[in-house]
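Asker: sequence first, predicted model second:
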Amino acid sequence: MTAPTETLLDLGWNDHFSVQVSDDETAQCHPVRVMSVHRGQIAVAGEGGQRFVSPYIAGALPTDDHPTVGDWLLIDNRTLEPVRVLHRMNLFKRRSPADPRKDQMIAANVDTVFLVASCNQDFSVARIERYLVLAREVGVNPVVVLTKIDLTDSPDTFVAAVHGIEAGLQVEAIDGRDPASIAHLAAWCGKGKTVAFLGSSGVGKSTLVNTLRGSESILTQAIRKGDSTGRHTTTVREMHRLEEGGWLLDLPGMRELQLSDASTGIAEVFDDFELAAQACKFSDCSHTVEPGCAVQAGIKAGTLAPDRFARWRKLATEEKANAARTAGRRPH
């Protein structure tokens, strides 16, 4: 995980966190970063090295924030127990697969998110859009990483499909097994920087992590021949040291990512439709059969894509349903 010689700056400490710590807390506590989350304990690292501590904060309510991977904590010098979670720069979360009324924290304090997709039949524009919405919602810089370019004779086709989502989106097409190919990713992996990977199982995330780390320590599994998809190879949310000096969060593959409070992200990713909708005759236009619908007019004129419209409406409907469930939660 880390060596005892790691400094706070090496771990990603910056002014955003230092200004939150009072003089009294500095005298009684020390900061650590959450490196991995396990059942009943979390691994943390600081200037004193690494250790496992309890994930439970004394006096915290069930509704309070609890530590997740990437978080910064204050640890009591005497008891070595967590005191509080420092305010995050950002937080990735999703609807809990076990209970859609609850959120599940994924990772905190990320500088860049790699949206990983493969150049094979599992490639999905809709899935990339979904991940992009998540990145835009939390304000983290996204980079689409297209893997397995060795499996196609036309990687430019996949790059063009991504640029069809957003013209200025950063895209890197690579062979995850080739260190020379992934050198293009080094710009986001420097000292103290944290990158996260989002992508479904089987897209080559674990292989890419191994190459970035110069290690084969992350388990990889072959994809299924029938549909080019894979099984989950990451079971613990964990930060890995990169050769460039940064940190990588290899997250469990999420084939079905239920968005949570993502209206802003949807508006940014589908800004063409959001802008057109402002010109609709009716403010509550469903963009289906109403007269004076600027969205349908755009589709008929060819300025708006019908397949993109379907994906926009699907995400908007999902977000509306999630918001209704959130509003209907009962207090704990």
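Answerer: Structure received. Residues are numbered from 1 along each chain as shown.

Asker: residues of stretch 306-315 that come out buried?
Answerer: Across stretch 306-315, burial judged by 16 or more other CB atoms under 10 Å covers 308-309, 311-313, 315. (C-beta placed from N, C-alpha, C; glycine too.)

Asker: kindly report the same for stretch 191-211.
Answerer: 192-211.

Asker: looking at the residues you listed, which are in strands?
Answerer: In this view, the buried residues of stretch 191-211 that belong to strands under DSSP state E are 194-198.

Asker: from R33, how far off is F114?
Answerer: Spatial separation of F114 from R33 under the definition CB to CB, to the nearest Å is 20 Å.

Asker: those two: which is more packed in?
Answerer: R33 (29 against 26; other CB atoms under 10 Å).

Asker: excluding chain neighbours, what is closest to R213?
Answerer: Of all residues beyond its chain neighbours, the one nearest R213 is H240 (5.7 Å), with distances taken as CB to CB, 6 or more residues apart in numbering.

Asker: quick check: bridge partners of the one you found?
Answerer: L248 (DSSP bridges).

Asker: that one: what's it in contact with?
Answerer: By CB atoms under 8 Å, 6 or more residues apart in numbering, the contact set of H240 is 209, 213, 218, 247-250.

Asker: got the contact list for the longest strand along the chain?
Answerer: As assigned by DSSP E, the longest strand anywhere in the chain is strand 29-38. Contacting residues not belonging to strand 29-38 are listed as 1-2, 8, 11-13, 17, 21, 42-48, 50, 52-53, 55, 67-77, 83, 86, 108, 236-239 [CB under 8 Å, 6+ apart].

Asker: looking at the contacts of H240, which is nearest D284?
Answerer: Nearest to D284 among the contacts of H240, counting by CB to CB, is L249 at 40.4 Å.

Asker: check contacts around the nearest residue to the closest one once chain neighbours are set aside.
Answerer: Distance criterion CB to CB, 6+ apart; nearest residue to L249, sequence neighbours excluded, is A196 at 4.1 Å. Residues in contact with A196 (CB under 8 Å, 6+ apart) are 70, 92, 107, 110, 112-114, 140, 248-249, 251.

Asker: rewinding a little: now render the ones in strands among the buried residues of stretch 191-211 as JSON lines, adding distance to A27 and pLDDT.
Answerer: Compiled in JSON lines, these are given as follows (distance: CB to CB, whole Å; pLDDT from 0 to 100):
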{"residue": "T194", "distance to A27": "28", "pLDDT": "96"}
{"residue": "V195", "distance to A27": "34", "pLDDT": "95"}
{"residue": "A196", "distance to A27": "34", "pLDDT": "91"}
{"residue": "F197", "distance to A27": "38", "pLDDT": "87"}
{"residue": "L198", "distance to A27": "39", "pLDDT": "85"}
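
Asker: ok, of those residues, which one's closest to L185?
Answerer: Minimum distance to L185 across those is 8.1 Å, recorded for V195 (CB to CB).

Asker: who does the closest one bridge with?
Answerer: Note on V195: beta-bridge partners by DSSP bridges are T112, L248.

Asker: my guess is it contacts G246. True?
Answerer: Yes: V195 is within contact range of G246, at 6.3 Å (criterion: CB atoms under 8 Å).

Asker: what touches both of those two?
Answerer: With CB under 8 Å, 6+ apart as the test, V195 and G246 both reach 188-189.

Asker: what's the farthest-apart pair in the ones in strands among the buried residues of stretch 191-211?
Answerer: T194 and L198 (13.5 Å).

Asker: wait, G298 sits on L304?
Answerer: Yes: judged on CB under 8 Å, G298 makes contact with L304 at a distance of 3.7 Å.

Asker: which residues do those two both contact?
Answerer: Both G298 and L304 are in contact with A276, where contact means CB under 8 Å, 6+ apart.

Asker: thank you kindly, that will do.
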